[in-house]
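**Q** Provide a 3D model corresponding to the input given below.
(2 chains)
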There are 2 protein chains.
Amino acid sequence: MKNKVSETVIKRLPKYHRYLEELIEAGEDRISSQELSNLTGFTASQIRQDLNNFGGFGQQGYGYKVPSLKEEIDNILGIPTVYKCVLIGAGHLGAVISLYKGFAKSGFEIIGIFDKDDKKVGTDIGTNTIRHTRDLADFLDQHPEVQVGILTVPKEGAQEITDILVDKKIKGIWNFAPTDLVTPEEVTVESVRLNDSLLVLSYYLTERLEKEE
Amino acid sequence: MKNKVSETVIKRLPKYHRYLEELIEAGEDRISSQELSNLTGFTASQIRQDLNNFGGFGQQGYGYKVPSLKEEIDNILGIPTVYKCVLIGAGHLGAVISLYKGFAKSGFEIIGIFDKDDKKVGTDIGTNTIRHTRDLADFLDQHPEVQVGILTVPKEGAQEITDILVDKKIKGIWNFAPTDLVTPEEVTVESVRLNDSLLVLSYYLTERLEKEE
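**A** Numbering: from 1, shown residues only, chains lettered A, B, ... in the order given. The predicted structure follows:
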């Protein structure tokens, strides 16, 4: 059912998830594609097409049932599956991610935090005690249930850690290091590029200033 | 010259910037579109097309001069322009962003940090002393040079702060709050959605697990 769904559609799904969650919090039981369009900014036909990719949950003249649509989208996004994770790099960003409440809600559970700074090793972030990065490989041997690595290290150390993760058969990497990781095809890498996002903002600001001149 | 450049091309520019920076650090003076293609993963013809959007800096049979190509891309991205910013929300994420070294390098300078937590007000992050959010509007009146607001608050407070920023004629918002902000067209909003990124990773992991079953 999920074959050939384009990356563009997949990237829109979290937005549906977000709004459906808000609708449920607001006690809404059903919604038309037009109302969903007003909320999300996607066109109504876009929405119908997107959801048709996954089997189409709408009913003509009725719209969508909010709880079942949300459940379907959550299933497609794999939210009910719990992924065990390790996080490497216990700086400020590592702390943000470790303490992030949305994490557990999205089905990700951090069971090990690593840093190469001896001063941090042994201290706690949330319910995790920081371990030394040199113990990462052993930890992964002892915890084959770990499927995801979260990289919150500077770009210099990122590939070295990635090689360990890949060697230990990790399935996915959530990468915050500002570099492109070299990984085999079977490892999914999802990168958050803060500086790229900032430069896109810079582009639009500059374009606007030039227009004003 | 910058008219009608598509969002897709704009989103690729930071990647060019990133690799050109590395090439300069490595002392490389020129590069062919094919080599640039190997690095970035974009096709050579894609690269030629992208750069043609901005006037085309390549020479047949020679390729691109790395320093001048980087300078051009930096200019297009508006990196030499310094934007004064305020940051609202001095939690862990606010600290990450405030202390982020890439910031100054990309031309963004934070001159005010705000939080509504009395315990944080008066303490320092880097060179900034945290002020109370209730003083944001006054601060912006006194500092009309501020052009960018950085939102690292929870979604609940995000729109209220946005309304103040818009009222005070801010030009751009770098938004980390997991919500869609309502702003007039002339305000550029660039959002970083950590949870959306995590859900995209979740989608691909789930898809892969299903294939393996």
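**Q** In the helix or strand harbouring A:Leu69, which of the residues would be classed as buried?
**A** Following DSSP states H and E, one finds A:Leu69 within helix A:66-76. Across helix A:66-76, burial judged by 16 or more other C-beta atoms under 10 Å in any protein chain shown covers A:66, A:69-70, A:72-74, A:76. Using the backbone N, CA and C atoms, a C-beta is placed for each residue, glycine as well.
**Q** Show me the strands in chain A, by range?
**A** For chain A, strands defined by DSSP state E occupy the ranges A:30-31, A:64-65, A:83-88, A:108-115, A:124-125, A:128-132, A:146-151, A:172-175, A:188-191.
**Q** Rebuild the ones you listed as CSV, extending it with distance to chain B and mean neighbour count.
**A** Listed next are those as CSV, based on distance: least, C-beta to the nearest C-beta, whole Å; neighbours: other C-beta atoms under 10 Å in any protein chain shown:
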stretch, distance to chain B, mean neighbour count
strand A:30-31, 16, 18
strand A:64-65, 19, 20
strand A:83-88, 6, 23
strand A:108-115, 6, 22
strand A:124-125, 10, 14
strand A:128-132, 15, 17
strand A:146-151, 7, 24
strand A:172-175, 5, 24
strand A:188-191, 4, 18
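**Q** Out of those, the one nearest B:Val192 is which?
**A** Shortest distance between B:Val192 and the strands of chain A, using C-beta to C-beta, is found for strand A:188-191: 11.8 Å.
**Q** picking up where we left off before, any residue of the helix holding A:Leu69 up close to chain B?
**A** Yes - counting by C-beta under 8 Å from any C-beta of the partner chain, chain B has neighbours in helix A:66-76: A:Ile76.
**Q** counting contacts, what elements does that helix pack onto?
**A** helix A:7-25, strand A:30-31 (3 or more C-beta pairs under 8 Å, 6 or more residues apart in numbering or on different chains; DSSP states H and E).
**Q** again, 10 Å this time
**A** Contacts defined by 3 or more C-beta pairs under 10 Å, 6 or more residues apart in numbering or on different chains; DSSP states H and E place helix A:66-76 against helix A:7-25, strand A:30-31, helix A:44-52, strand A:64-65, helix B:194-212.
**Q** quick one: low-confidence ranges for chain A?
**A** Within chain A, the ranges that satisfy pLDDT under 70 run A:1-4, A:55-58, A:60, A:213.
**Q** rerun at 80
**A** A:1-5, A:53-62, A:101-102, A:209-213 (pLDDT under 80).
**Q** Can you name the residues that contact A:Lys168?
**A** A:86, A:136-141, A:143-144, A:146, A:149 (C-beta atoms under 10 Å, 6 or more residues apart in numbering or on different chains).
**Q** wait, which of the residues you listed is closest to A:Arg208?
**A** Proximity of those to A:Arg208 was ranked by C-beta to C-beta; the top entry is A:Gly149 with 39.0 Å.
**Q** Could you double-check that that closest one lies in contact with A:Trp174?
**A** Yes - counting by C-beta atoms under 10 Å, A:Trp174 is a contact partner of A:Gly149 at 7.5 Å.
**Q** Show me whatever sits in contact with both of these two.
**A** Residues touching both A:Gly149 and A:Trp174 (C-beta under 10 Å, 6+ apart): A:85, A:87, A:189.
**Q** closest to B:Lys120 among these?
**A** Of all these, B:Lys120 sits closest to A:Leu87, with 25.0 Å by C-beta to C-beta.
**Q** wait, A:Gly41 sits on B:Leu181?
**A** No - counting by C-beta under 10 Å, B:Leu181 is not a contact partner of A:Gly41; they are 11.9 Å apart.
**Q** which of the two has more neighbours?
**A** Neighbours per residue, other C-beta atoms under 10 Å in any protein chain shown: of A:Gly41 and B:Leu181, the larger number sits with B:Leu181, 19 against 9.
**Q** Contacts only, for the more buried one.
**A** Listed by C-beta under 10 Å, 6+ apart, the contact set of B:Leu181 reads B:151, B:155, B:158-159, B:161-163, B:165-166, B:173, B:175, B:187, B:189, B:191.
**Q** now with 6 Å?
**A** B:162, B:175, B:189 (C-beta atoms under 6 Å, 6 or more residues apart in numbering or on different chains).
**Q** export these to TSV and tack on distance to chain A?
**A** Formatted as TSV, these follow (distance: C-beta to the nearest C-beta, whole Å):
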residue	distance to chain A
B:Thr162	15
B:Asn175	10
B:Val189	9
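**Q** closest to A:Gln34 among those residues?
**A** Closest to A:Gln34, out of all of those and judged by C-beta to C-beta, is B:Val189, at 24.0 Å.
**Q** Give the bridge partners for the closest one, please.
**A** Beta-bridge pairing of B:Val189 under DSSP bridges involves B:Ile173.
**Q** residue contacts, it?
**A** Per C-beta under 6 Å, 6+ apart, neighbours of B:Val189: B:173, B:175, B:181, B:183.
**Q** same thing but at 10 Å, please
**A** By C-beta under 10 Å, 6+ apart, the neighbours of B:Val189 are A:201, A:204, B:149, B:151, B:162, B:172-175, B:180-183.
**Q** and of the residues you listed, the nearest to A:Arg30?
**A** B:Asp180 (21.5 Å).
**Q** so that closest one sits right up against B:Ser191, yeah?
**A** Yes - with contact defined as C-beta under 10 Å, B:Asp180 counts as touching B:Ser191 (7.8 Å).
**Q** which neighbours do these two share?
**A** Contact criterion C-beta under 10 Å, 6+ apart; no residue bridges B:Asp180 and B:Ser191 by contacting each.
**Q** coming back round to it: what would the strands of chain A look like in CSV with distance to A:Phe54?
**A** Output for the strands of chain A, formatted as CSV (distance: least, C-beta to C-beta, whole Å):
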stretch, distance to A:Phe54
strand A:30-31, 17
strand A:64-65, 12
strand A:83-88, 21
strand A:108-115, 22
strand A:124-125, 37
strand A:128-132, 35
strand A:146-151, 23
strand A:172-175, 21
strand A:188-191, 19
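**Q** for those strands, which one sits closest to A:Glu7?
**A** strand A:188-191 (11.2 Å).
**Q** For the closest one, C-alpha coordinates in CSV please.
**A** C-alpha atoms of strand A:188-191 as CSV (Å, rounded to 0.1, in the frame of the first residue of the first chain):
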residue,chain,number,x,y,z
THR,A,188,17.9,5.8,6.7
VAL,A,189,19.3,9.2,7.5
GLU,A,190,17.1,12.1,8.4
SER,A,191,19.0,15.3,8.8
